[in-house]
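K.L.:
Task: produce atomic coordinates for the following.
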Amino acid sequence: MPDPSPFGLTAGSLAAIVAMALASYLCRVLGVWLMAHVPLTQPVRRGLAALPGSIIVAIIAPLVMRGGPSALAALAAALVSMLIKRNELLALAVGLSVVSLLRAWGV
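P.N.:
Prediction:
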């Protein structure tokens, strides 16, 4: 007998999707509400300013550790590019080019 629900969704999986959507929405709304009630002192400002860099490191570090020598070389090339040109898009292109070439060569 074919499944009558679209995409094969069960009641449980649909409930999980709705619950996670609600949780995501609440995190966003409560984050905005909380920051409206937190005084922006100098330490809070410094912490918020450091947050994007911390998130990038938290995403990139595990990828480089699992990526092997090609990923490490790509990170080094992107860092050098960033130090020289101060252009994030160029650093991204350099890193992607290095990892692509090295993996194409079997490194």
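
K.L.:
what helices or strands is the helix or strand residue 56 falls within leaning on?
P.N.:
Using DSSP states H and E, residue 56 sits in helix 42-85. On a contact count with 3 or more C-beta pairs under 8 Å, 6 or more residues apart in numbering; DSSP states H and E, helix 42-85 meets helix 88-104. Any C-beta I mention is one placed from the backbone N, CA and C, and that applies to glycine too.

K.L.:
tell me the mean pLDDT for the helix it packs on?
P.N.:
In this model, helix 88-104 has a mean pLDDT of 96.

K.L.:
who are the neighbours in contact with the residue nearest to residue 63 when sequence neighbours are not counted?
P.N.:
Spatial nearest neighbour of residue 63, chain neighbours left out: residue 71 (6.4 Å); criterion: C-beta to C-beta, 6 or more residues apart in numbering. Going by C-beta atoms under 8 Å, 6 or more residues apart in numbering, residue 71 touches 63, 64, 99.

K.L.:
Near the second one, how many other residues are there?
P.N.:
In this case it means residue 64. 16 (other C-beta atoms under 10 Å).

K.L.:
One more: the last one?
P.N.:
When neighbours are defined as other C-beta under 10 Å, residue 99 has 22 of them.

K.L.:
what about it, distance to residue 9?
P.N.:
38 Å (C-beta to C-beta, to the nearest Å).

K.L.:
ditto for residue 85
P.N.:
Computed with C-beta to C-beta, the distance linking residue 85 and residue 9 is 48 Å.

K.L.:
Same question for residue 78.
P.N.:
Applying C-beta to C-beta to residue 78 and residue 9 gives a distance of 41 Å.

K.L.:
Present the contacts of residue 71 as a markdown table; the columns should include distance to residue 20.
P.N.:
Listed next are the contacts of residue 71 as a markdown table, based on distance: C-beta to C-beta, whole Å:
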| residue | distance to residue 20 |
| --- | --- |
| 63 | 24 |
| 64 | 29 |
| 99 | 32 |
